[in-house]
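Student: any chance you can model this:
(one chain, ligands or ions: 1)
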Amino acid sequence: MPNVVIVGAQWGDEGKGKVVDIYTEHADEVIRFQGGNNAGHTLVVGDEKTILHLIPSGILHPGKRCIIGNGVVLDPRVFIKEIENLKAKGYMQDDSQLVIDGNVHIIMPYHTNIDIAREEKKGDKKIGTTGRGIGPAYEDKIGRRGIRLNDLIRPDVFARKLQEVLPEKNFYLEKYLGKAPLSEEGILEEYSGYAETLKKYVGCSSTILGKSIAEERNLLFEGAQGALLDVDHGTYPFVTSSSTVSGSACIGSGVGPRCIDHVIGISKAYVTRVGGGPFPTELLDEMGDELRNAGNEFGSTTGRPRRCGWFDAVALREAVRTSGLTGLAITKLDVLNDLESIKVCTAYSYKGEMLEQFPRDFEVLRECQPVYEELEGWQCDISEVTKLEDLPQAARNYLDKLVELAGCPMVLVSVGPRRDQTIQVSNPFLQG
Ligand code: IMP
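Tutor: Down below sits the predicted model:
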């Protein structure tokens, strides 16, 4: 105890990896519970940068066990490469540091091919997915025709399941999407090799965590993407295909909600989004470019330039509610260093009406205009500040405003990519 969930409070890319990395020091186990290699968590240790897509960020700490929970979708090709890279850098020398739940669903080659071909076919109506097969893999899970890791490691079961599902996939690929069909033998051969490598990591996340909870070990649940990309509570259909809110930590790892003590939401000091979909505070002018360049806002998974905009308190309040946030970590405050003044969206205006809550009706949301309050910038470098009281008054005023608008206390402020460029206000693991 305590057990802490970390989730993105915006549209992803909030800097969760760094916060997870910092809190891992206090955790015994770090658990991923949803999403797949659509995520990209960038970690900087010393001068070395590591980008992780699937494996929990806790892997950089020897001795901490990392678990990939049942709610994740796993692409073996990416996963194996990630392990090789980590090992080459000297991490993960002990294979027992990592456990993958046997019920994770496997991202198959037809999932990626369908994802990419579908987006192509949609043209300007596309979602802007990462093209990693995430949506098609979750579709098969819900449609009860998915292939799980437990199936993959049993050659006869894998062959039977593939034989059942592949004709339908090939029909869809060929006849509807106009793409080449996939060879059953080819997949069987390639994936049998993966099964051999993956076997040693297979375990049961629910059983392991149940024991850890009974022994009062500290658990850290690491969310991927962000609350506004949640398939139920986000800006549907411009969302990912998993539940990204905190409740998903329980479902995606096999623990009950009563074991969660704190939920920390990560939010940038401004907003970014990749892919399509509504973004009320988006800046399509030079200021957007300035934020993108200052914040190096290019996707760590796809390299796409991220859309940038002012901080949006209306959207953040949605995340505070849907994830039941108990604390807020504000990241990339230093990106705003040079600005003379900074805008914060406090409400939306919709056909003359003021909305303080995020509209759940897509048609309303797309017509909302942000209502801004303007605050003074601090125009100096804060990237080495490690205490709140050492921040310039204008930066403190800015943070106070964000916290007041969000209605959630602040636990951490990040002022640069390195571990030591962090202001810790109150650490959830030290609160009991
Ligand atoms: P998918 O998850 O690849 O299906 O993509 C669906 C939407 O979620 C697209 O707008 C993606 O850009 C977005 N998305 C998925 N994963 C991430 C992430 O880790 N960070 C930011 N956006 C993401």
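
Student: switch to C-alpha atoms for all contacts and neighbour counts from now on
Tutor: Noted.

Student: return the set of residues that bridge with L52.
Tutor: Bridge pairing for L52 (DSSP bridges) gives the partners H41.

Student: got a pLDDT number for it?
Tutor: On the pLDDT scale, L52 is placed at 91.

Student: quick check: it touching G40?
Tutor: Yes - using Cα atoms under 8 Å, L52 is in contact with G40, at 5.6 Å.

Student: shared neighbours, these two?
Tutor: Both L52 and G40 lack any common contact, where contact means Cα atoms under 8 Å, 6 or more residues apart in numbering.

Student: show me where the stretch 151-300 of the chain has its helices.
Tutor: With DSSP state H, counting those that start in this stretch as the criterion, the stretch 151-300 of the chain has helices at 155-171, 184-198, 205-214, 248-251, 286-294.

Student: so which of those helices gets nearest the ligand?
Tutor: Of all those, helix 286-294 sits nearest to the ligand, with 14.5 Å by Cα to the nearest ligand atom.

Student: what is the closest one packed up against?
Tutor: With contacts defined as 3 or more Cα pairs under 8 Å, 6 or more residues apart in numbering; DSSP states H and E, the packing partners of helix 286-294 are strand 307-309.

Student: can you list contacts of the strand it packs on?
Tutor: Here strand 307-309 makes contact (Cα under 8 Å, 6+ apart) with 270-274, 281-284, 288-289, 291-292, 297.

Student: quickly compare the helices of the stretch 151-300 of the chain and say which is most buried.
Tutor: Ranked by mean neighbour count, the helices of the stretch 151-300 of the chain are led by helix 248-251 with a mean of 22 (mean count of other Cα atoms under 10 Å).

Student: could you export it as PDB, CA atoms only?
Tutor: The C-alpha coordinates for helix 248-251 follow below in PDB (Å, rounded to 0.1, in the frame of the first residue of the first chain):
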ATOM      1  CA  SER A 248      -9.800   0.500 -16.800                       C
ATOM      2  CA  ALA A 249      -6.800  -0.300 -14.500                       C
ATOM      3  CA  CYS A 250      -9.000  -2.700 -12.600                       C
ATOM      4  CA  ILE A 251     -10.600  -4.400 -15.600                       C
END
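
Student: going forward can the numbers begin at 368, since that is how I track them
Tutor: I'll keep to 368 as the first residue from here, and by that count the last item is helix 615-618.

Student: and it, how far from the chain's centre?
Tutor: 14 Å (Cα atoms, centre = their mean, to the nearest Å).

Student: and H629, what does it touch?
Tutor: Residues near H629 by Cα under 8 Å, 6+ apart: 369-372, 692-694, 795.

Student: again with G430
Tutor: Q464 are the contacts of G430 under Cα under 8 Å, 6+ apart.

Student: and it, which of the three is it?
Tutor: At G430 the chain is in coil, as set by DSSP: H, G, I helix; E, B strand; the rest coil.

Student: got the helices of the stretch 518-667 of the chain as TSV, with mean pLDDT and distance to the ligand columns?
Tutor: Shown next, in TSV, are the helices of the stretch 518-667 of the chain (pLDDT from 0 to 100; distance: least, Cα to the nearest ligand atom, whole Å):
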stretch	mean pLDDT	distance to the ligand
helix 522-538	98	18
helix 551-565	97	22
helix 572-581	98	22
helix 615-618	98	15
helix 653-661	97	15
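
Student: nearest to E449 among those would be which one?
Tutor: Set against E449 and scored by Cα to Cα, those come closest in helix 551-565, at 12.5 Å.

Student: helices or strands next to the closest one in the packing?
Tutor: helix 443-455, helix 516-519, helix 522-538.

Student: let's see that with 10 Å instead.
Tutor: Helices and strands touching helix 551-565, by 3 or more Cα pairs under 10 Å, 6 or more residues apart in numbering; DSSP states H and E, are helix 443-455, helix 476-489, helix 516-519, helix 522-538.

Student: I'd like those helices as a markdown table, with distance to H428 appended.
Tutor: A markdown table is the format used below for the helices and strands packed on helix 551-565 (distance: least, Cα to Cα, whole Å):
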| stretch | distance to H428 |
| --- | --- |
| helix 443-455 | 12 |
| helix 476-489 | 31 |
| helix 516-519 | 26 |
| helix 522-538 | 34 |
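
Student: do the helix or strand of the chain with the lowest mean pLDDT and the ligand meet?
Tutor: Using mean pLDDT, DSSP states H and E, the weakest-scoring helix or strand in the chain turns out to be strand 408-412, at a mean of 80. No - applying Cα under 6 Å from any ligand atom, one finds strand 408-412 separated from the ligand by no less than 7.8 Å.

Student: give me phi/psi at the residue lying closest to T713 once chain neighbours are set aside?
Tutor: Among residues not flanking T713 along the chain, A680 sits closest, at 5.5 Å (Cα to Cα, 6 or more residues apart in numbering). Here the main-chain torsion angles of A680 (degrees, to the nearest 10) amount to phi -70, psi -30.

Student: what's the answer for V440, then?
Tutor: phi -110, psi 130.

Student: near the ligand, which residues of the stretch 418-567 of the chain are found?
Tutor: Counting by Cα under 6 Å from any ligand atom, the positions of the stretch 418-567 of the chain adjacent to the ligand are 494-499, 501-502.

Student: tell me who's in contact with the residue lying closest to K567 once chain neighbours are set aside.
Tutor: With Cα to Cα, 6+ apart as the criterion, K567 has its nearest non-adjacent residue at 7.9 Å, and that residue is D462. By Cα atoms under 10 Å, 6 or more residues apart in numbering, the residues touching D462 are 432, 450, 454, 567-568.

Student: follow-up on the earlier one: just the buried residues of the contacts of strand 674-676.
Tutor: 637-641, 648-650, 655-656, 658-659, 664 (16 or more other Cα atoms under 10 Å).
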